[in-house]
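> This is a predicted model, with the sequence first.
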Amino acid sequence: MVICLQRKVFILHEIYGVNDFMHEQTIEFIDDQTVVEHLALYPDGKVFSYAQEEEAYAYFIKEVGFDKPLTQLSQQLRTAIAKYKEVILIGFSVGATLAWRLSTLPLHRVICVYGSRIRQYLGVQPSCPTLVLLPIHEKSFDVNNMKNALQHIHFVQTVQFAGEHGFMDECNRTFHLESTLQAQSHIKKFI
């Protein structure tokens, strides 16, 4: 007999690894019917400081990338889908881009928080409701162009917030308290 638990939330981290911000996000979503787990992309709990942003990005691109982890992540998600009534995937930054690419799986919900590289995968057709949270400004591209492209994709809802990439992380120099509170509220309603 298979026991079907209520809900599992997976969190995919930014380039820094499973840091304090990711642990804070875990606390945001735990309740008596929800289990939360990090999907660590780095071996041995590797974590970068914010001062190591360039090194962290280079490490992610060289050692992980946007293709290599998809098979393993898909397997982990499919295993959870067989055990839980609802499986939700929340990704931040590079984790958001991976979450976007995994939104074709039979998940309950996918939330992508400032996943700037989503713009390279606009051919993805999510199979579940997908929330994409974007800042008003990104230094490397025009956010409005990406938002406009996403608005035409079935199942996708986009919301923009004041601030820049990383606005939800209070340890990040781009932290924006009001946008963080609004974004958390949107995520919880969406779930």
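In hand now; what should we look at?
> Could you check how far the nearest residue to residue 180 once chain neighbours are set aside is from residue 134?
Nearest-residue entry for residue 180: residue 168, 4.7 Å, with adjacent residues in sequence omitted and distances by CB to CB, 6 or more residues apart in numbering. C-beta: built from backbone N, CA, C; applies to glycine. Residue 168 sits 12 Å away from residue 134, going by CB to CB, to the nearest Å.
> what does residue 100 give?
12 Å.
> One more: residue 162?
11 Å.
> Just say helix, strand or coil for the most centrally placed residue in the chain.
Centroid check for the chain by CA atoms, centre = their mean gives residue 91 as the closest residue, at 0.9 Å. Judged by DSSP: H, G, I helix; E, B strand; the rest coil, the three-state class of residue 91 is strand.
> and if you look at residue 117?
helix.
> Ignoring the adjacent residues along the chain, who's closest to it?
Closest residue to residue 117 apart from its sequence neighbours, by CB to CB, 6+ apart: residue 97 at 4.0 Å.
> Look at that neighbour and report its pLDDT.
Looking at residue 97, its pLDDT is 98.
> circling back to that earlier point, more crowded one of residue 162 and residue 134?
residue 134 (26 against 12; other CB atoms under 10 Å).
> quick revisit: is the residue nearest to residue 180 in a helix, a strand, or coil?
Applying three-state DSSP: residue 168 is coil.
> coming back round to it: between residue 168 and residue 134, what contacts are shared?
In terms of CB atoms under 8 Å, 6 or more residues apart in numbering, residue 168 and residue 134 are both contacted by the residues residue 114.
> Isn't the residue nearest to the centre of the chain up against residue 103?
No: if you go by CB atoms under 8 Å, residue 91 and residue 103 don't touch, sitting 9.7 Å apart.
> Mind listing the shared neighbours of the two?
Common neighbours of residue 91 and residue 103 are listed as 110, 112 (criterion: CB under 8 Å, 6+ apart).
> now the strands for this protein?
With strands called from DSSP state E, the chain shows them at 5-12, 34-39, 84-92, 109-113, 130-137, 156-164.
> So which of those strands is the most surrounded?
Most buried of the strands of the chain, by mean neighbour count (mean count of other CB atoms under 10 Å): strand 109-113, with a mean of 27.
> Show me what that strand is packed up against.
Under the contact criterion of 3 or more CB pairs under 8 Å, 6 or more residues apart in numbering; DSSP states H and E, strand 109-113 touches strand 84-92, helix 94-102, strand 130-137, helix 177-190.
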